[in-house]
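Peer 1: Give the three-dimensional model of this entry:
(one chain, ligands or ions: 1)
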Amino acid sequence: MNQRIAVFPGSFDPFTIGHESIVSRSLGLFDKVIIAVGKNSTKANLFDIKKRVDWIREVFREFPQVEVDSYEGLTVDYCKRKGARFILRGLRTSSDFGFERGIGQVNKALLPEVETVFILALPEHSAISSTIIRDIIRNGGDASQFVPKAVRFD
Ligand code: ADP
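Peer 2: Numbering: from 1, shown residues only. Got it, this is the predicted structure:
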């Protein structure tokens with residue numbers, strides 16, 4: 001029993017078509033992908049954690065390979081608890097790279113047996129961020145083109 005389990009950690013506030021694409025494209029690499037909604041983000045959350053988890057579960061309802069969970073504390077500790085050897089992250093821009101390199105290298109120092117695996121955003125997704133979507137929603141705009149169908153803001 002040496003399953004390839006990946007944790008895809010994030011705030012997912014809300015989950016976007018960019019996130020969905022990263023998960024879908026990773027399914028050929030791993031036996032199981034756990035989308036882990038972090039509770040301790042320093043970012044101001046718009047949607048509560050239960051709603052974020054429920055939305056993502058709905059998006060991947062037909063994918064037994066995908067599990068959705070929430071967690072508190074260090075991502076590496078969560079990986080240990082889950083027996084995950086991979087952390088999955090998406091890369092949009094060079095500024096993502098700068099940020100991700102820091103987290104990835106520190107996570108590697110904390111838990112050497114875990115590898116961070118990066119998947120590049122599709123060009124058409126590289127401008128999509130949860131932050132921009134929150135801004136659209138706060139200002140009464142329609143953000144539906146940027147999120148999976150299961151993510152409903154009404
Ligand atoms: P965090 O708060 O950890 O940055 P996010 O929910 O913002 O969590 O993002 C989770 C992961 O998804 C990060 O690796 C981020 O780079 C990636 N990501 C965010 N938006 C996109 C997108 N549009 N396309 C591809 N990857 C993305």
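Peer 1: Low-confidence regions, the protein specifically.
Peer 2: 1, 41-43 (pLDDT under 70).
Peer 1: got the residues of it near the ligand?
Peer 2: Residues of the chain lying close to the ligand (CB under 6 Å from any ligand atom) are 10-12, 16, 18-19, 22, 41, 43, 89-90, 92, 96, 121, 125, 128-130. Quick note: C-beta positions are derived from backbone N, CA and C, even for glycine.
Peer 1: Remind me what the helix or strand containing residue 100 packs against, helices and strands.
Peer 2: Following DSSP states H and E, one finds residue 100 within helix 94-110. With contacts defined as 3 or more CB pairs under 8 Å, 6 or more residues apart in numbering; DSSP states H and E, helix 94-110 has these neighbours: helix 75-82, strand 86-91, strand 115-120.
Peer 1: Please enumerate the strands of the protein.
Peer 2: Remark: strands assigned in the chain by DSSP state E are 5-10, 32-38, 66-71, 86-91, 115-120.
Peer 1: Including mean neighbour count, could the ones you listed go into TSV?
Peer 2: Below are these laid out as TSV (neighbours: other CB atoms under 10 Å):
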stretch	mean neighbour count
strand 5-10	24
strand 32-38	23
strand 66-71	18
strand 86-91	21
strand 115-120	16
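Peer 1: Put together CSV for these, with distance to residue 149 on each row.
Peer 2: Shown next, in CSV, are the strands of the chain (distance: least, CB to CB, whole Å):
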stretch, distance to residue 149
strand 5-10, 20
strand 32-38, 17
strand 66-71, 16
strand 86-91, 20
strand 115-120, 22
